[in-house]
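A.B. asks: Just need the structure, nothing else, for what follows:
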Amino acid sequence: MPSRPSIPAEITREILIESGHRCAVCGTPCPLERAHIIPWHKSKEHKAEDLICLCANCHQRADHEGWGERTLREYKRRPWVMRQRENTDSRPETTTRLEVTIEMEAEDSSEKNQRLLQYGIAAFLEIPPSAVQIASTGRGNVNTIELKTQSAERLLSAYGRDEPELARHLAPLKLPQDVSIKYSAFTLCYSMLLAHLNDLNHALRGDTRGLTDRIIAQFDGALKQVVYQSKPRDLNHAVEILVLPLQSLRVAVDTLNPDVAKIIEETIADIEQRASNWQCETEVERYREWGEKLSRLFYEGTPWLKTQERLTTNTHLVFRYAGLLDTVAQGQNTYGYRVAPMAFYPEYNYASTDEPEENVILIRFSFEHDFSTFLMYPFLFFHEYASHVHGPNSDIDIFDDGWMLYAIYSFLVSESDSLPSAYCLHADQIRSISEHCPSKISTVLKRYYFLAGTLH
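C.D. replies: Next up is the predicted model:
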């Protein structure tokens, strides 16, 4: 006799979010079970609309006392978390509207995903889903939600602190396939551009027209305005879309500087050639290794015993899309982006049914990222290792992200000529740190960054 198949993780997460990660009947937070409203021996299938989240005690009672389909559907319609909050305060309150971005294709950003968003936020805030109103859905899958001001402030604060619990409740909305394709296009395009950057700078030596910046801006635009706005089937298709505006760029530049046009043509050819076997994880892992090695060089000979012990810490990467709440991020440690491109977590739970992973470096891709972001990847990894993995990880922003930012930048500048060639940074990568980072970090961190430079 065939065994019953397990409930798919996506459906499990949806049921947990719907009930606020609590028993729908009594509100017990654990242990939780997924119960069939229509018994399995009758339905022989796992459907979200026929599953309800119950604690072990209520699940047993439902079976033994014969609660039946009508009772269970009523609990599913109005789970404990909703009933608990429905009548707690009838006084009128002010509301706040927030823009929430779900980076999915239009057909995926459906009523179902809006409901997941609504229930996920409600479960995190421990309010009824009816208190989270989807006010409108605009272009680019930007959803405007309306909350009581107090709840909105809690949501903003949680996202500013990058609370893993919030990510856990919103896990079903993470990194869809089309975003993964576009992230691959992001790493492929900029890796090939970086590989030709020396030749490009040499060909434009003495040029006073700012052509280098204009060319890079055209690459940025090709990704942001063409690829990110399209629906590529796979990476090869994304490259076909990307190449069209780049070929136009090559033709336009040919009249100004044929040597530069040739370099652009070679860059395009490399992008097309590498697309079929490109692995973005491998490229990012290479930068992670650089950051780790640079941090070990930075702490070489350190007298701090705790740091000596931490130098052997192993980490692994988790890739997430950073746009779900990117319009409301308020944290200081973001390098000027709506959300920091990467962050270290001693423990990170990125799926509601999984045990926390240890020593995770979270790579958070957003469609606002451009060539300067990619140039900074080794530095950002270096910073995560030096400040948080190997270093003191003091949780004091002014130290970890003010003083330490300057310290590792100063180390790169002073040691750039003597760094091993295996992970020596491109000159433009080091320059991008001084040009991009200080101007983008918060005013408070900037003050300590420059104070460290003055004292140094």
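A.B. asks: who's in contact with the closest residue to H21 other than its chain neighbours?
C.D. replies: Of all residues not flanking H21 in the chain, A123 sits nearest, at 5.7 Å (CB to CB, 6 or more residues apart in numbering). Using the backbone N, CA and C atoms, a C-beta is placed for each residue, glycine as well. The neighbours of A123, taking CB atoms under 8 Å, 6 or more residues apart in numbering as the test, are 16-21, 81, 169.
A.B. asks: Tell me where the stretch 1-150 of the chain has strands.
C.D. replies: All strands of the stretch 1-150 of the chain, identified by DSSP state E, counting those that start in this stretch, fall at 32-36, 51-55, 95-101, 133-137, 142-148.
A.B. asks: Which other helices and strands does the lengthiest strand in the chain contact?
C.D. replies: Longest strand of the chain, by residue count under DSSP state E: strand 357-365. Judged by 3 or more CB pairs under 8 Å, 6 or more residues apart in numbering; DSSP states H and E, strand 357-365 is in contact with helix 177-195, strand 316-321, strand 342-348.
A.B. asks: can you pull the buried residues of the second one?
C.D. replies: Right, strand 316-321. 318-321 (16 or more other CB atoms under 10 Å).
A.B. asks: now for that strand, which elements pack on it?
C.D. replies: In this structure, strand 316-321 makes packing contacts with helix 177-195, helix 280-298, strand 357-365, judged by 3+ CB pairs under 8 Å, 6+ apart.
A.B. asks: CA atoms only for the first one, dumped as PDB, please.
C.D. replies: Which is helix 177-195. Presented in PDB, the C-alpha positions along helix 177-195 are these (Å, rounded to 0.1, in the frame of the first residue of the first chain):
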ATOM      1  CA  GLN A 177      12.700  31.900 -10.300                       C
ATOM      2  CA  ASP A 178      12.600  35.000 -12.500                       C
ATOM      3  CA  VAL A 179      14.600  36.900  -9.900                       C
ATOM      4  CA  SER A 180      17.200  34.200  -9.800                       C
ATOM      5  CA  ILE A 181      17.600  34.500 -13.600                       C
ATOM      6  CA  LYS A 182      18.000  38.300 -13.300                       C
ATOM      7  CA  TYR A 183      20.500  37.900 -10.500                       C
ATOM      8  CA  SER A 184      22.500  35.600 -12.700                       C
ATOM      9  CA  ALA A 185      22.300  38.200 -15.400                       C
ATOM     10  CA  PHE A 186      23.500  40.800 -12.900                       C
ATOM     11  CA  THR A 187      26.600  38.800 -11.900                       C
ATOM     12  CA  LEU A 188      27.400  37.700 -15.500                       C
ATOM     13  CA  CYS A 189      27.100  41.200 -17.000                       C
ATOM     14  CA  TYR A 190      29.200  42.900 -14.400                       C
ATOM     15  CA  SER A 191      31.800  40.100 -14.100                       C
ATOM     16  CA  MET A 192      32.500  40.500 -17.800                       C
ATOM     17  CA  LEU A 193      32.500  44.300 -17.600                       C
ATOM     18  CA  LEU A 194      35.000  44.100 -14.700                       C
ATOM     19  CA  ALA A 195      37.200  41.800 -16.700                       C
END
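A.B. asks: Flag every buried residue along it.
C.D. replies: Using 16+ other CB under 10 Å as the test for burial, helix 177-195 gives 178-179, 181-194.
A.B. asks: State the mean pLDDT of it.
C.D. replies: Averaging pLDDT along helix 177-195 gives 89.
A.B. asks: contacts for that helix?
C.D. replies: Here helix 177-195 makes contact (CB under 8 Å, 6+ apart) with 103-105, 108, 216, 219, 222-223, 227-228, 231-232, 234-235, 238-239, 242, 267, 270-271, 274-275, 278, 280, 283-284, 319, 321, 365, 367, 369, 371, 374-375, 426, 428-429.
A.B. asks: thinking again about what came up before, for whichever helix or strand comes after the longest strand of the chain, which helices and strands make contact with it?
C.D. replies: Towards the C-terminus, the helix or strand next in line after strand 357-365, according to DSSP states H and E, is helix 371-375. Identification of packing neighbours for helix 371-375 by 3+ CB pairs under 8 Å, 6+ apart yields helix 177-195, helix 211-221, helix 427-440.
A.B. asks: Any stretches of the stretch 51-200 of the chain with poor pLDDT?
C.D. replies: Scanning the stretch 51-200 of the chain for pLDDT under 70 picks out 85-116, 135-143, 159-165, 167-177.
A.B. asks: Tell me where it has helices.
C.D. replies: Remark: helices assigned in the stretch 51-200 of the chain by DSSP state H, counting those that start in this stretch are 56-65, 68-77, 80-86, 111-125, 149-160, 164-169, 177-195, 197-203.
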